[in-house]
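1. the following comprises the amino acid sequence and a computationally predicted model.
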Amino acid sequence: MNRNELISAIAAKTNLTKAQTTEFVNACIEVVDETLTKGEDIRLVGFGSFGVKQTKERETRNPRTGEKVTVKASKKPFFKFGKAFADKFAK
């Protein structure tokens, strides 16, 4: 499902126009982006959590040359499914 298909599906379930639904979906994405940028988590009970993980600086090897390379510490966004949601697929 792509963004337009998602918007159409939400519009059908909520009886909102596609324009209203597009505005809603864009606002949701914007709020998630802003919240994670601030370093805060978003928890949706029964669905999952959005968050940011801090990775440590580490040494690795360039597979082509064998040369050691230092990978800088960074922040990476993640999504973790909630137990109730994940259990639906663990059959």
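-> It's in.
2. please save the CA atoms from the host helix or strand of residue 75 in PDB.
-> Here residue 75 sits within strand 74-81, counting by DSSP states H and E. Output of strand 74-81 as PDB, limited to C-alpha atoms (Å, rounded to 0.1, in the frame of the first residue of the first chain):
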ATOM      1  CA  SER A  74      24.500   8.300  15.200                       C
ATOM      2  CA  LYS A  75      20.900   8.400  16.000                       C
ATOM      3  CA  LYS A  76      18.500   6.100  14.100                       C
ATOM      4  CA  PRO A  77      14.700   6.100  14.100                       C
ATOM      5  CA  PHE A  78      12.900   2.800  14.800                       C
ATOM      6  CA  PHE A  79       9.400   1.300  15.100                       C
ATOM      7  CA  LYS A  80       8.700  -1.500  17.500                       C
ATOM      8  CA  PHE A  81       5.400  -3.400  17.100                       C
END
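3. and the next helix or strand past that strand?
-> Downstream of strand 74-81, the next assigned helix or strand under DSSP H and E is helix 83-87.
4. in that next one, what counts as buried?
-> The neighbour-count check on helix 83-87 (16 or more other C-beta atoms under 10 Å) flags nothing as buried. C-beta: built from backbone N, CA, C; applies to glycine.
5. let me see the mean pLDDT of the strand holding residue 75.
-> For strand 74-81, mean pLDDT is 95.
6. just for this structure, where's the confidence low?
-> Residues of the chain meeting the criterion pLDDT under 70: 91.
7. how about the helices in it?
-> All helices of the chain, identified by DSSP state H, fall at 3-14, 18-37, 83-87.
8. any chance of those helices in CSV, plus distance to residue 60?
-> Shown next, in CSV, are the helices of the chain (distance: least, C-beta to C-beta, whole Å):
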stretch, distance to residue 60
helix 3-14, 35
helix 18-37, 26
helix 83-87, 31
